[in-house]
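Novice: The following block contains a protein sequence and its predicted model.
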There are 2 protein chains.
Amino acid sequence: MGFVINPTILNEGALMLEEKSGYSGVRKIAEKVMRDIEFVFGVRPTSTEEIDQLSSCAVIYGTIGHSPVLDGLSALGLIDLAEIRGKNEVYLFQIIDAPWDGVDKALVIAGSDKRGTIYGLFHLSETLGVSPFVDWNDVLPRRRDEFALEDEHKYVSKEPSVRYRGFFINDEWPAFGAWCHHRFGGFNAEAYEHVFELLLRLKGNYLWPAMWSARFYDDGPGLANAKLADEYGVIMGASHHEPCLRQGEEYKYLRGRDSVYGDAWNFRTNEEGITRFWADGLKRSGRFENVITVGMRGEADTAIMGEKATLADNISLLRDVLRAQSRLIQEHVDPERKEVPRMLALYKEVEPFYYGDEKTPGLIGSEELENVILMLCDDNHGNLRTLPTEEMRAHKGGYGMYYHFDYHGGPISYEWVNSSYLPKIWEQMSMAYDFGVRELWMVNVGDICTQEFPLAYFLDLAYDFEQWGTSAINRTQEYTHQWVERQFKGVCEEADLSKIHRILDGYTKIAHNRRPEAMNADVYHPVHYGESDRLLAEIETLMADADELYGKIDEAAMPGFFSLVYYPAMANLNLQKMQLLAGKNQVAARLNLMEANRLSEQIRACLERDRELVDEYHTLGGGKWYGMGLSEHIGFTNWNEDECRNPILMQVMPARKPRLMVSVDGTDQRSEGSRWHVHRLQMRDFRRPDVTEASFTIWSISDLEAPYEINCEAPWLSCSSYKGVLDGVSQAAEKIRVRIDRSQMGEETEATITVKVPGGVVTIAVDAELPDLSGLPERTFVDVDGYVAIEAEHFCAKYDVERPDAAAGFQVIDGYGKTLSAVKVFPTTRYFTAGEDAPYLEYQFVVPKAGAYEVELYMQPSNPVTTDNTIYYGLQANDRPIEVRNAVPMGQSVGDSNLAWAAGVLNNVRRQSSEIVCHVGLNKVRVYAVSPGFVLEKLVIYPAGKKPPESYLGPAESYYVGKIG
Amino acid sequence: MGFVINPTILNEGALMLEEKSGYSGVRKIAEKVMRDIEFVFGVRPTSTEEIDQLSSCAVIYGTIGHSPVLDGLSALGLIDLAEIRGKNEVYLFQIIDAPWDGVDKALVIAGSDKRGTIYGLFHLSETLGVSPFVDWNDVLPRRRDEFALEDEHKYVSKEPSVRYRGFFINDEWPAFGAWCHHRFGGFNAEAYEHVFELLLRLKGNYLWPAMWSARFYDDGPGLANAKLADEYGVIMGASHHEPCLRQGEEYKYLRGRDSVYGDAWNFRTNEEGITRFWADGLKRSGRFENVITVGMRGEADTAIMGEKATLADNISLLRDVLRAQSRLIQEHVDPERKEVPRMLALYKEVEPFYYGDEKTPGLIGSEELENVILMLCDDNHGNLRTLPTEEMRAHKGGYGMYYHFDYHGGPISYEWVNSSYLPKIWEQMSMAYDFGVRELWMVNVGDICTQEFPLAYFLDLAYDFEQWGTSAINRTQEYTHQWVERQFKGVCEEADLSKIHRILDGYTKIAHNRRPEAMNADVYHPVHYGESDRLLAEIETLMADADELYGKIDEAAMPGFFSLVYYPAMANLNLQKMQLLAGKNQVAARLNLMEANRLSEQIRACLERDRELVDEYHTLGGGKWYGMGLSEHIGFTNWNEDECRNPILMQVMPARKPRLMVSVDGTDQRSEGSRWHVHRLQMRDFRRPDVTEASFTIWSISDLEAPYEINCEAPWLSCSSYKGVLDGVSQAAEKIRVRIDRSQMGEETEATITVKVPGGVVTIAVDAELPDLSGLPERTFVDVDGYVAIEAEHFCAKYDVERPDAAAGFQVIDGYGKTLSAVKVFPTTRYFTAGEDAPYLEYQFVVPKAGAYEVELYMQPSNPVTTDNTIYYGLQANDRPIEVRNAVPMGQSVGDSNLAWAAGVLNNVRRQSSEIVCHVGLNKVRVYAVSPGFVLEKLVIYPAGKKPPESYLGPAESYYVGKIG
């Protein structure tokens, strides 16, 4: 029969057994689970302290050491608590038979500790089909009549892979701040109740609260926030520069001439005041569960000492600070100080103090840091920086990682809506784990909202690295699939779930290529390779899908769909679209094309849409998310939103006589047909065997009727139109599709298309000569446009190291590239010697001329994992020697003022060119792995000095032998 | 009593005595003069062949050798024909007493030749107050009741300074061509009747007819054009590449496989055909009065031989051509070939054939060129090229000059409305005359219309060089004054005549700084030094004056006023305004300033105005000038009008929150007040003793009400507003004028103005420290902005060469500079050795730091007068040695593809920097004359490598001791 929940059971008696001895926080979570059950069955379950009031199927939950009932069941042999005892955050989830009279079946949820029980309770909700976002996003579960578990059902959860797993509410104004104040009246416990619930449902356990203007320990009001966190088992931390359970704003609030804490955030000049400030913080909050931040940093992200201080001065100060803090923790929190979880952030300028330099030893290996978690960090833009070397990994305190989904800083902030992409999170955080960063994972989620999708992924990765981590390469799609199912299976058909999946994947990939705030009219090339048009088409498809779903989703499901999918996707896509149109608008306007006027209206409509989306987000669900859309996000010109600018609307005034312009699509060739100027254009698209359609466009320059007439004598070419009239208003542009029928071609491979326009005749010379592919092996790329562009995954050969003790090789990371994918060597921690033990990839291509060529590699903008600032790889052309190159440009370092680094994080790509020598015909290039962190996306090969036309994503991939057209 | 014309006299009998023996053309001119008299008195005079039908005051006109009457009067001793006999184009204009019964007084107009009589007749019209533009522009004379000349009145005209004086109707489509066809049905004698009349009334005698599609000798119809020209005494020529009285279009029309003229414009392959073509031309038209073009050039302005031909090949060919032509002229026109006026154009590529090179002797001094006028030319943009050296001036045929008021070619054509400036014409054509170019002056006037003003000047200069030429420096204003009087004295008050004068001077000076077709949004700097705003203010004043006059001028006078003044001025100014606004619009749009939207509407209004002006021009006077406004003229992107573009209208979308930006006027400093970004601006205007007012501007970035608040504690500064609200729509910008009251300043010379705006606080640091001028001599310039800008005429000392036989010195040419005037050495033909016999100018200035400085000279873009490509001048700083520099940049030569030359003619300036060393404090720079053609406008001195902010006209002049503020 099994364990059953259905309305009958729920009406029969109490579902849950509540013990006086249990944690109050656990009981509160049980209340939430009961509400979840009500969503599912339409009947609210009840709980009881009396066994005889239980229904025939009951839920018994408790925590080892806090549950006589569990002890009793264990004594009866109905459960075996030994399976979980002493473990961290583990639960037993088991059906037992008739523990008591009247109870036929019981579901036992036994936690090894408080959070173990809580995770176990939420496991019940999830098993019932309740989303972790049921509260935060109003995602409602599918209604059921009955739920059953088999008699034998038993599940013991795993210990989490990473001990401290959490998020940081940061940059809280205007969004999170406005939300808290508007809905709850402040950063208080009412607000944090929802945050804690979200964190726990996502199996996180660790939180850094908002800190721009908020004071967690005062805003509750009073200690209500901290007490509630502790009740729920939420471990509190504070951001990297807020030591000893004190927030930065607290000092600002308490300091002053007459303050006992003095009036200087300076351990040298105000040691007494600062020490007292810290001591009082520890006294106040030390009794709760915390990871105590240690160390010290200047106010508002500044360096700790002035510019004149030496490295030694800084290290010595930091050492003194750490000693004082150790003493205070021992005194006020726990005499067994080493047992107290503590964390030192090696963030920004603290990093050099840790490593020191040749002359000045850093804090590395200091006694003060014993058992302290050393928190490393990314470069604020999702690229890890230094990672523990093999030697460093022995550090007993372990390592943490501070990662960003949101950042308020240079070169350009990203704070509005989610712009993080799962494959990148996977690649980076997996590597962190591989390098031994397993004690603490913290992610900055800004205002939380719209980050739910990557946040769930981040916490799932931290909770269950075995399932989603390094060994699970290319499972982000699977993750997305199950995530979408978990939220929307109840309200969507299978096909629509796939659409949601594509929307999430699509918009995050586009944002991965360029974040919204950093997007502007000059990013993508409006003409070359049809780059903007391709992306616009992709965006339109995603937006149409999203709108179709929007029309289908019922009212009850709308808040969840809108907040988790529609809003972040549409807001992102609409902005990208607006900026792409602005790029096209500029080109059109500069050429006096009437199309510019249509484009400017479309841009204006996008801005309107942007506002409507935010407005809808702010009114949906009764204004539940009001405030969360307030961040500026258009056209940042500084690192922050100040002085941001909307795209310009460029309009043209019609010429006074009929004029038409002809352009060859994908190129910047154009003509009005004047005999005095360029009037012969080239169309080379058909030189690719896989291309059967190309196009050119005729554009109006005036609002007067202007006829065109197209002639082409080649029987193997056909145009989509041969005659027409453009009026510049209802029709300001006409794309003429040219199709080739190669079956009709004889010897002739060249033809001309003439376009008669008012200004004269434009001749388009069509070159359709196919390259000679005879005898070329599969995967040989062919130069027909003056370059060869190769996606990294399209190697012709791959050499892996097969030695059993040290197997290594390149693997393809799907979707992890600007245009297709990327390749990276696994294991990620290994170093190799190119030409000896290094895995490599081989690429094959033909070029028409011998001589010097450049190979431009498109790589992820990874930072080196060590402080030597190198990411080496090897490059070898044909049988020449291997050249080992450093992918990190000379002088590059992470920092707002470093232009190379800034370009890398904005463009999310690093390009590097090397010169090689090619033969006529077939050539090979090998790429060898050397250092960790080398991630290759694409190769572009072209005659030295003849770079193909510029674009953001680079030239589209060239044709290769065996490609399916 | 004197000679009187009044209605009574006119009704009494015939006014004019007409002789059968007189030239028919002269009689026709007399008819025109009688029509003029009718305009003046309202009564149409008559003429008679019978003396007894004459009225009591009669006009007797005739030409020596064609007038028995004049012979009779001479025999009677009433006139003395000896005074004019044998002279060229001279007339006697004399009142005589009672030559016959019934004739009390007679006005005798006796010509030394046909044109002498014609000029004499038109002299009567002019004396009566009739404008030479009475026919061409419908300029009507003032009505009179009576006109009288004293008994003693006698005037003998001068011989013209230049023998052949005329204009070239060129680039006749779309304007002149449409005009001819629309009004007259073709390029026929009806049309040319008006052209000839205009030419003769302006005392020209020489014409090159239209030649793009026209055939003067066929279009009459038949020979009617040529016969009419000959009748009127108009000497016909043809453009530089149309030899032997044949037009280029004629060959195109007649050539063919079966043509007797063959089918190749090639003297090598088709000698027979070409020779016959020329022979037939000479036979047909040789009987008329001509200056026969000789030589040969490729078709449509191309080189005569292919690219592979050597210089020697070309010279040899040209020599053969000249020999053949000489023979043909001897045969078909006049055995005394040397008496036949002939002209060889040394234009473009013919020039090197004339000069040859070191190895290959050119045609210079060839027998074939004996008595042939050698026609030199400008660079198509009003700058003379090579001029006859002293040695060359001995050439018996003399020299001609082909000058341009209109050009169809690179770098950018100018064909629409007049853009020529009298001081430039004076400076260039005077120099031509000084260098011996006195035989032929030809000016390309495009479609004629709107060129009337400079054309009159050009022909007057050629006719009476003594009055207007070299010795008449700075009399272009006087010329303008009398020209305006001559056209409008009858219909305007004195004050309005001055306004017309200012309008003509103003718009041509602005066009001189940048021609309309070459004007675009990027020419003037929209911000630096307030350059665009200053020019816009000037334009607005001129336009307001023109509009005021437009409102006053009566209907009858409107065609003359509109066509001669209002249309060319307003069309020019409105276009300049439009492009200036477009520059400002771009800046505003890029900053998201709401002002951009207002500006874009203004730009649109300018384009509308442009169309209205052309439309009005085309309908005025019954459509008399229809066609003359058809030329494209906006935003040329090529040398010709193809692919020209209207300015872009850039609009902005308001920010979603109230935002204001503050900018310091004249600089590109700006801020929205954010503490994170630039928020401290500098105002340095008051460092100049002559400045008492400066300004900053507050700009809206949104359409929401945004308040500002200004504070300034310094009692010596006041702002025009301290508080206000901008709404971005009705008020999108507010200029805040800051006034200084130096009488209230104590020791304090620095102050801050704070502007509170929604984004924060902008602080404007005002530096009002005055430079220490104690002990500095007059005309010492002071560096307060990091540079010293000096107008060339503000030298502190001037050294002239005083030797009686060789006096020389710099003189100021008023108005002949982009900002003020220019200096040039006279005599213009002299060479000097700097430091020995060279005149110089001395400039004085103080700088705050010693070290390397740059002196940038702003010069006219003159071309060298000889082929050695040098215009030397000397520069000397303090007591250092004189550095002799070549103003012509290395590699510069006249040619469309020469960027330095192209920049020079478009910008109408040449800039050159030299490094000097300065002391702290007082320094001197001397500029020495060396080569002819050196014309200096301005000097800008700044620390080496620290160029002041870029602008089109350069920095405004610095303060100097003794300047009146």
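Specialist: Cool, got the structure. Quick caveat, the model's predicted, so the values are computed rather than measured.
Novice: Using CSV, write out the CA atom coordinates for stretch A:48-57.
Specialist: Taking Å, rounded to 0.1, in the frame of the first residue of the first chain, the C-alpha atoms of stretch A:48-57 are listed here in CSV:
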residue,chain,number,x,y,z
THR,A,48,0.2,17.6,16.7
GLU,A,49,2.3,16.7,19.7
GLU,A,50,0.0,13.8,20.4
ILE,A,51,0.7,10.5,18.7
ASP,A,52,-2.9,9.5,18.9
GLN,A,53,-4.0,12.5,16.9
LEU,A,54,-2.0,11.5,13.9
SER,A,55,-3.6,10.3,10.8
SER,A,56,-3.0,6.8,9.5
CYS,A,57,-0.1,8.1,7.3
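Novice: buried stuff in that stretch?
Specialist: For stretch A:48-57, burial by neighbour count (16 or more other Cβ atoms under 10 Å in any protein chain shown) applies to A:T48, A:I51, A:L54, A:S55, A:S56, A:C57. In this view, the C-beta of every residue, glycine as well, is placed from N, C-alpha and C.
Novice: For the fifth one, give me the backbone phi and psi.
Specialist: This means A:S56. phi -70, psi -30 (degrees, to the nearest 10).
Novice: Then the last one?
Specialist: Backbone torsions of A:C57, given as degrees, to the nearest 10, read phi -110, psi 120.
Novice: Ok, the second one next?
Specialist: Backbone dihedrals for A:I51, given as degrees, to the nearest 10, come out at phi -60, psi -30.
Novice: And it, how far from chain B?
Specialist: Distance of A:I51 to chain B, computed by Cβ to the nearest Cβ, to the nearest Å: 60 Å.
Novice: list the contacts for that residue?
Specialist: A:L17, A:W100, A:G102, A:V103 (Cβ atoms under 8 Å, 6 or more residues apart in numbering or on different chains).
Novice: Can you pick out the most distant pair from those?
Specialist: A:L17 and A:G102 (11.9 Å; Cβ to Cβ).
Novice: Which of these two has more residues huddled nearby?
Specialist: With neighbours defined as other Cβ atoms under 10 Å in any protein chain shown, A:L17 and A:G102 compare such that A:L17 has more, 26 against 14.
Novice: my guess is the more buried one meets A:L54, correct?
Specialist: Yes: here A:L17 reaches A:L54: they are 6.0 Å apart, a contact under Cβ atoms under 8 Å.
Novice: list residues touching both of those two?
Specialist: What both A:L17 and A:L54 touch, as defined by Cβ under 8 Å, 6+ apart, is the set A:T48.
Novice: ok, the one residue sitting closest to the centre of chain A to A:I29 distance?
Specialist: Geometric centre of chain A, nearest residue: A:S420, 1.8 Å, by Cα atoms, centre = their mean. A:S420 is 29 Å from A:I29, where distance means Cβ to Cβ, to the nearest Å.
Novice: out of the contacts of A:I51, who's nearest chain B?
Specialist: Set against chain B, the nearest of these by Cβ to the nearest Cβ is A:L17 (54.0 Å).
Novice: Could you count how many residues lie near the residue nearest to that closest one when sequence neighbours are not counted?
Specialist: Spatial nearest neighbour of A:L17, excluding adjacent residues (Cβ to Cβ, 6 or more residues apart in numbering or on different chains): A:I60 at 4.8 Å. Neighbour count of A:I60, defined by other Cβ under 10 Å: 27.
Novice: next one: A:Y403
Specialist: A:Y403: 25 surrounding residues under other Cβ under 10 Å.
Novice: before we move on, what about A:E693?
Specialist: So A:E693, with other Cβ under 10 Å, has 12 neighbours.
Novice: What residues are bridge-paired with it?
Specialist: A:R739 (DSSP bridges).
Novice: Where does pLDDT dip in chain A?
Specialist: Across chain A, the ranges flagged by pLDDT under 70 are A:1, A:299-304, A:965.
Novice: Chain B contacts on that one?
Specialist: Residues of chain A lying close to chain B by Cβ under 8 Å from any Cβ of the partner chain are A:589-592, A:596, A:600, A:604, A:607, A:611, A:638-640, A:642-656, A:661, A:672, A:674, A:676-677, A:759.
Novice: one more time with 6 Å, if that's ok
Specialist: Contacts of chain A with chain B, taken as Cβ under 6 Å from any Cβ of the partner chain, map to A:589, A:592, A:607, A:638, A:640, A:642-643, A:645-646, A:648-651, A:653, A:672, A:674, A:676-677.
Novice: now the helices for the stretch 101-250 of chain A?
Specialist: Along the stretch 101-250 of chain A, the segments classed as helices by DSSP state H, counting those that start in this stretch run A:114-127, A:175-184, A:189-201, A:224-232, A:248-254.
Novice: how does chain A divide up, domain by domain?
Specialist: By the assignment in automatic domain parsing, chain A contains the domains A:3-156, A:164-473, A:494-623, A:660-767, A:780-943.
Novice: Show the end-to-end separation of the longest one, please.
Specialist: Terminal residues of domain A:164-473 are spaced 24 Å apart (Cα to Cα, to the nearest Å).
Novice: Helices of the stretch 401-550 of chain A, start to end?
Specialist: A:422-434, A:452-463, A:465-468, A:476-488, A:494-513, A:531-552.
Novice: Out of the ones you listed, which one sits most buried?
Specialist: helix A:452-463 (a mean of 24; mean count of other Cβ atoms under 10 Å in any protein chain shown).
Novice: Centre of the chain to that one, how far?
Specialist: Centroid displacement of helix A:452-463 relative to its chain, using Cα atoms, centre = their mean, to the nearest Å, is 11 Å.
Novice: Kindly report the same for stretch A:704-711.
Specialist: 49 Å.
Novice: quick one: buried residues of it?
Specialist: For stretch A:704-711, a neighbour-count test (16+ other Cβ under 10 Å) marks A:L704, A:A706, A:Y708, A:I710 as buried.
Novice: picking up where we left off before, return the residues in contact with the residue nearest to A:L17.
Specialist: A:L17, A:A106, A:V108 (Cβ atoms under 6 Å, 6 or more residues apart in numbering or on different chains).
Novice: tell me which element it falls in.
Specialist: strand A:54-63 (DSSP states H and E).
Novice: angle of that strand against helix A:114-127?
Specialist: With axes from the mean of the first three to the mean of the last three Cα atoms, to 10 degrees defining the directions, strand A:54-63 sits at 140 degrees from helix A:114-127.
Novice: Strand A:54-63: what's the following helix or strand?
Specialist: Next along from strand A:54-63, by DSSP H and E: helix A:68-75.
Novice: can you list the residues that contact that next one?
Specialist: Under Cβ under 6 Å, 6+ apart, the answer for helix A:68-75 is A:E19, A:G62, A:I79, A:L81, A:P99, A:A110.
Novice: Dump the residues you listed to TSV, plus neighbour count.
Specialist: Below are these laid out as TSV (neighbours: other Cβ atoms under 10 Å in any protein chain shown):
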residue	neighbour count
A:E19	18
A:G62	26
A:I79	23
A:L81	19
A:P99	21
A:A110	29
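Novice: re the thing from before, quick one: strands adjacent to the strand holding A:I60?
Specialist: Counting by DSSP bridges, the strands paired with strand A:54-63 are strand A:14-17 (parallel), strand A:103-111 (parallel).
Novice: What residues are bridge-paired with A:A733?
Specialist: Taking DSSP bridges as the rule, A:A733 bridges to A:W699.
Novice: for the stretch 851-965 of chain A, what spans make up the helices?
Specialist: Secondary structure of the stretch 851-965 of chain A by DSSP H, counting those that start in this stretch: the helices cover A:899-907.
Novice: Thank you kindly, that will do.
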